[in-house]
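Q: my questions are about this predicted structure, shown below with the sequence.
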Number of protein chains: 2
Amino acid sequence: MVSLAEMRAERPGTFSDGCPTRTVLDHVMGKWGVLVLVALSDGTQRWGELRRNISGISEKMLASTLKTLETDGLVRRTAYPEVPPRVEYALTDLGADLMTHVLPLMAWVADHAATMVERPA
Amino acid sequence: MVSLAEMRAERPGTFSDGCPTRTVLDHVMGKWGVLVLVALSDGTQRWGELRRNISGISEKMLASTLKTLETDGLVRRTAYPEVPPRVEYALTDLGADLMTHVLPLMAWVADHAATMVERPA
DNA sequence: CGGGATCCTGCACGATACTG
DNA sequence: CAGTATCGTGCAGGATCCCG
């Protein structure tokens, strides 16, 4: 499956209102979703690391974003019964597979963002 | 540039708060941005067509999303001085290039969305 | 250290009406 | 047909406090 036309032919109604794809899209593409996933592409990280690595995110949003992604099966949470507590987050296989497609997109954005924003109409 | 690590090494601070990439990311990955772009991947379309093809979008959001994407240089607007008015929207070369990276991602989402949502914790 | 609970605010977004 | 203008509102998301 390569083109949208093929995708549509095979799955009519995909991306229509109320379709699950919309939900997933909102989770993955939402303001913080991508950023968390990208951060985790660097490898397993602890809560505090994520908080520091994703500049601008609040604790609340980090918590809820992680929970959503965990429910979606993209992120795996591992808590160690120690004191002080230590919790690690990592991409699942599914999440890693997804990032295979997302990272090139991010690279493209990084390459073109300056051009797009600095060249106002 | 393939991995995030490489990207980071080359452009430190990319995706940090206030970075232009954040803006572009919000435009492209925003709730309606992707959907509009995906719709236009089918080819040039008129206002009314877009409105009908993107189920659930309001006139207001369609208007503002199109304007944003046009400013970003991803979408080209062509108005014909006729009566009744006719306006066509199409991807620019830049937009088409972007979709090269987005469509595979959308296909992935379409393939996995059902699995992700229907398998609740 | 890693969060959950709570409160509050802005603005993203929808609905409706009007115009060239 | 292709929009703008105006008005309301829900919820995303920030700030703060607290707890295991």
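A: Right, received. Where do you want to start?

Q: do a quick rundown of the strands in chain A.
A: A:45-46, A:75-80, A:86-91 (DSSP state E).

Q: can I get these in JSON lines with mean pLDDT, distance to B:A63 and mean neighbour count?
A: For glycine as for every other residue, the C-beta is placed from the backbone atoms N, C-alpha and C. As requested, these are exported to JSON lines (pLDDT from 0 to 100; distance: least, C-beta to C-beta, whole Å; neighbours: other C-beta atoms under 10 Å in any protein chain shown):
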{"stretch": "strand A:45-46", "mean pLDDT": "96", "distance to B:A63": "40", "mean neighbour count": "16"}
{"stretch": "strand A:75-80", "mean pLDDT": "96", "distance to B:A63": "36", "mean neighbour count": "13"}
{"stretch": "strand A:86-91", "mean pLDDT": "97", "distance to B:A63": "37", "mean neighbour count": "16"}
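
Q: now the ones you listed in CSV, with distance to A:A110?
A: Compiled in CSV, these are given as follows (distance: least, C-beta to C-beta, whole Å):
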stretch, distance to A:A110
strand A:45-46, 20
strand A:75-80, 23
strand A:86-91, 20
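
Q: can these go into a markdown table with extra columns for distance to DNA strand C?
A: Formatted as a markdown table, these follow (distance: least, C-beta to the nearest atom of the strand, whole Å):
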| stretch | distance to DNA strand C |
| --- | --- |
| strand A:45-46 | 4 |
| strand A:75-80 | 6 |
| strand A:86-91 | 3 |
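
Q: go through these and name the closest to DNA strand D.
A: strand A:86-91 (9.5 Å; C-beta to the nearest atom of the strand).

Q: mind listing what that closest one pairs with, with the direction of each?
A: Counting by DSSP bridges, the strands paired with strand A:86-91 are strand A:45-46 (antiparallel), strand A:75-80 (antiparallel).

Q: so for chain A, the centremost residue is which one?
A: Most central in chain A under C-alpha atoms, centre = their mean is A:V34, positioned 3.1 Å from the mean C-alpha point.

Q: where's A:K31 relative to DNA strand C, distance?
A: Computed as C-beta to the nearest atom of the strand, to the nearest Å, the A:K31 to DNA strand C distance reads 9 Å.

Q: can you give me the distance of that residue to B:P84?
A: Distance of A:K31 to B:P84, computed by C-beta to C-beta, to the nearest Å: 39 Å.

Q: more neighbours: which of these two?
A: The neighbour comparison of A:K31 against B:P84 (other C-beta atoms under 10 Å in any protein chain shown) goes to A:K31, with 16 against 4.

Q: residues contacting the more buried one?
A: Counting by C-beta atoms under 8 Å, 6 or more residues apart in numbering or on different chains, A:K31 touches B:D26.
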